[in-house]
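In: I'll drop the sequence and a predicted model, then ask my questions.
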Amino acid sequence: MYELFEHTADLGVHVTAGSLDALMADAAAGLFAVITGDPSRITPTAVERFVVAGHDPTWLLWDWLREAHAAFELRRMLLRDFDVAVGPAGLS
């Protein structure tokens, strides 16, 4: 679950989840809620697979959100639904 809140850097996203997989998925959902304003308006047309290497959860979160944001910035992709699995080698 994510929650947007006002912050001195414009806004913040607070994420809580019962598992690391869910936390990564909800963090990405929060990011795209900020980008789109209303993610429910996104109509899925394709499935995109991301693989992010790493084992430290903090850096894995950083790299994952950076990868998702790069998909938006560089390829103009709007992402909506996230099925994330974190394993010993990273995230997919």
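Out: Thanks, I have it.
In: Thought residue 28 was touching residue 82, still the case?
Out: Yes - using C-beta atoms under 8 Å, residue 82 is in contact with residue 28, at 4.8 Å. Heads up, the C-betas are built off the backbone N, CA and C, glycines and all.
In: who has more neighbours, those two?
Out: Neighbour comparison, residue 82 and residue 28: the larger count goes to residue 28, with 24 against 18 (by other C-beta atoms under 10 Å).
In: Show me the contact partners of the helix or strand hosting that one.
Out: Using DSSP states H and E, residue 28 sits within helix 20-36. By C-beta atoms under 8 Å, 6 or more residues apart in numbering, the surrounding residues in contact with helix 20-36 are 1-4, 11, 13, 15-17, 39, 42, 57, 60-61, 64-65, 68-69, 72, 78-80, 82-86, 91.
In: So which of those residues belong to helices?
Out: 57, 60, 61, 64, 65, 68, 69, 72 (DSSP state H).
In: Could I get the pLDDT score of the third one?
Out: Predicted confidence (pLDDT) for residue 61: 93.
In: mind listing what it touches?
Out: Taking C-beta under 8 Å, 6+ apart as the test, what residue 61 contacts is 23, 24, 27.
In: Among those residues, which one sits closest to residue 48?
Out: Checking the contacts of residue 61 against residue 48 by C-beta to C-beta gives residue 24 as the nearest, at 15.0 Å.
In: so how far is residue 72 from that closest one?
Out: 17 Å (C-beta to C-beta, to the nearest Å).
In: Distance check, the residue nearest the centre of the chain against residue 8.
Out: Compute the mean C-alpha point of the chain, and by C-alpha atoms, centre = their mean the closest residue is residue 28, 1.4 Å away. Going from residue 28 to residue 8 by C-beta to C-beta gives 24 Å.
In: still on that earlier bit, write the PyMOL selection for whichever of the contacts of helix 20-36 are buried.
Out: Selecting only the buried entries of the contacts of helix 20-36 in PyMOL, with 16 or more other C-beta atoms under 10 Å as the criterion:
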select buried, resi 2+13+15+39+60+61+64+65+68+69+79+82+84+86+91
